[in-house]
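> Sequence unavailable; structure follows:
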């Protein structure tokens, strides 16, 4: 039986954390998922924090992740579009994915329309009310002068420092108790509701919160968080009519 073409979404793999050795089984599982979805995918969206840390020097990128990068290259070369949105852990991504893998990289939310359904898609960090500490920190991280200064650190020093801070500093990592806070306290839900005041979207699709959830905003609009590939191994799939969250059990 011919499979219905689908659009797939995944977020928050955090490869490299807490150590490369402990991350490796999750990388293998994600590669297995990519092999699974390429059979009927018309597009794949990766919504950030694929890596727990990523920085592009002019001639150097972080060591590792060969299987993931190779599989993404294979899928993209087969003609399936892949879209990448930077997260708060890989926000220093520049043009490596675009030049080496032919995968466009987005640094903010983007609108898409599929089968007359409108989507607003992004990682989700720094959106909505609250989270002021992280928003201030993000301005520092994305400042061109800050990136220039960091680039002068030898990669062995810079990467090790960044990996340490990624785990230890909650403003950087976004680490909090991962539990549902109620719609009124979920900043991305509030962000989506405010967006609906000026424009209709059928689906708001984000990562960042590490909690798989689908929330009805009104009779025509849904907020979706994709969960993560640390504890849930969840992903989203749109078949042209409906959006579902599933977990990959392979």
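In hand now; what should we look at? Remember, it's a predicted structure, so these values are computed and weren't measured experimentally.
> pLDDT on the lengthiest helix in the chain, on average?
Determined from DSSP state H, the single longest helix within the chain is helix 20-37. Predicted confidence along helix 20-37 averages 95 (mean pLDDT).
> all strands for this protein, in order.
Counting by DSSP state E, the chain has strands at residues 6-10, 41-46, 82-85, 105-106, 110-114, 117-121, 203-206, 212-218, 221-226, 234-238, 243-247.
> re the thing from before, list the contacts of the longest helix of the chain.
With C-beta atoms under 8 Å, 6 or more residues apart in numbering as the test, helix 20-37 has contacts from 6, 8, 10, 13-17, 44, 52, 64-65, 67-68, 71-72, 75, 229-230, 233, 235, 248, 250. The C-beta positions use only the backbone N, C-alpha and C, and glycine is treated the same way.
> Mean pLDDT per helix and strand in this protein: which one sits at the bottom?
The helix or strand with the lowest mean pLDDT-type score in the chain, counting by mean pLDDT, DSSP states H and E, is helix 170-173 (a mean of 40).
> if we can go back for a sec, just the buried subset of the contacts of helix 20-37, please.
Neighbour-count burial within the contacts of helix 20-37 applies to 6, 8, 10, 13-17, 44, 52, 65, 68, 71-72, 75, 229-230, 233, 235, 248; the criterion is 16 or more other C-beta atoms under 10 Å.
> list the contacts for the nearest residue to residue 10 once chain neighbours are set aside?
Once flanking residues are discounted, residue 10 sits nearest to residue 235: 4.4 Å by C-beta to C-beta, 6 or more residues apart in numbering. When the contact criterion is C-beta under 8 Å, 6+ apart, the partners of residue 235 are 8-10, 33, 37, 226-227, 245-248.
> what pLDDT, on average, does stretch 47-60 get?
According to the model, stretch 47-60 has a mean pLDDT of 87.
> Span of that stretch from start to end?
Separation of the first and last residues of stretch 47-60 by C-alpha to C-alpha, to the nearest Å is 23 Å.
> Next one, pLDDT for residue 194 please.
pLDDT, residue 194: 95.
> What count of nearby residues applies to it?
The tally of other residues near residue 194 (other C-beta atoms under 10 Å) stands at 12.
> Just give the number of residues close to the nearest residue to it once chain neighbours are set aside.
Sequence neighbours aside, residue 128 is the residue nearest to residue 194 in space, at 7.7 Å (criterion: C-beta to C-beta, 6+ apart). Burial of residue 128, expressed as a neighbour count using other C-beta under 10 Å, amounts to 16.
> low-confidence ranges in this structure?
When the per-residue scores of the chain are filtered using pLDDT under 70, the ranges that remain are 1-3, 130-142, 145-148, 150, 158, 161-177.
> if we can go back for a sec, hang on, the residue nearest to residue 194 packs against residue 191?
Yes. Applying C-beta atoms under 8 Å, one finds residue 128 in contact with residue 191, separated by 3.4 Å.
> What sits closest to residue 113 if chain neighbours are left out?
Of all residues beyond its chain neighbours, the one nearest residue 113 is residue 119 (7.2 Å), with distances taken as C-beta to C-beta, 6+ apart.
> need the contact list for the residue nearest to residue 194.
When contacts are counted by C-beta under 8 Å, 6+ apart, residue 128 is found next to 187-191, 194.
> thinking again about what came up before, right, so of the strands of the chain, which gets closest to residue 96?
Nearest to residue 96, of all the strands of the chain, is strand 105-106, at 8.5 Å by C-beta to C-beta.
> Give me the sheet partners of the closest one and which way each runs.
Within its sheet, and counting by DSSP bridges, strand 105-106 is paired with strand 82-85 (parallel).
> Give me the distance from the partner strand to the chain's centre.
8 Å (C-alpha atoms, centre = their mean, to the nearest Å).
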